[in-house]
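Asks: next comes the sequence, and after it the predicted model I'd like to discuss.
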Amino acid sequence: MRDRLIAGAMIPAPFVERAQRFRRWYRAAVLDLFGSVNLILAPATPCRAPRGGQKTFVLDGIELPVRANLGLYTQPISFIGLPVVAVPVRLDGGLPLGVQVIAAPWREDLALRAAHHLERAGVARAPVAALD
């Protein structure tokens, strides 16, 4: 974390200004979607959940490291600060795929209700850890 903060402090101001302009443009474009929908469903991960100890996965024929790329699809949403709930979805009994339920600003209630509905329908489920 410290190294990332130091690296960020070394970025020239014009780059930061350009990135902030892009962020504002991208946020406005995504917020426009909420004029016609209440929620957006999107993948949260580029692959199914990795098995314990799995180091790589294949995406579009390219082998990639799991750890560095697992949050690949969540970054564009986190970048603009929208409320999101990630749910593990099992469609065929195999390892789950992460799905994001994305809501408009201040509508966390919708995202949480949709995630709860997916869970009750048996589509989304997370294992409950046993407390010792």
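Replies: Everything's here; your move. Numbers count the residues shown, from 1 in each chain.

Asks: quick one, strands of this protein?
Replies: Ranges of strands within the chain are 39-48, 56-59, 62-65, 84-89, 97-103, based on DSSP state E.

Asks: report the inter-axis angle for the last one versus strand 39-48.
Replies: Right, strand 97-103. For strand 97-103 against strand 39-48, the angle by axes from the mean of the first three to the mean of the last three C-alpha atoms, to 10 degrees is 160 degrees.

Asks: start the count at 111, not 1, going forward
Replies: Yes, from this point I'll number from 111; that puts the last item at strand 207-213.

Asks: if we can go back for a sec, point out the most buried one among the strands of the chain.
Replies: strand 207-213 (a mean of 22; mean count of other C-beta atoms under 10 Å). For the C-beta atoms, the positions are set from N, CA and C on the backbone; glycine is no exception.

Asks: so what's the nearest residue to Pro215 once chain neighbours are set aside up against?
Replies: Using C-beta to C-beta, 6 or more residues apart in numbering and skipping the chain neighbours, the partner closest in space to Pro215 is Leu192 (6.5 Å). By C-beta atoms under 8 Å, 6 or more residues apart in numbering, Leu192 lies in contact with Val140, Ile212, Ala213, Ala214, Pro215.

Asks: what sits against Pro160?
Replies: Counting by C-beta under 8 Å, 6+ apart, Pro160 has contacts Phe167, Val176, Leu180, Leu205.

Asks: measure the third one to Leu207 for me?
Replies: Read it as Leu180. Going from Leu180 to Leu207 by C-beta to C-beta, to the nearest Å gives 12 Å.
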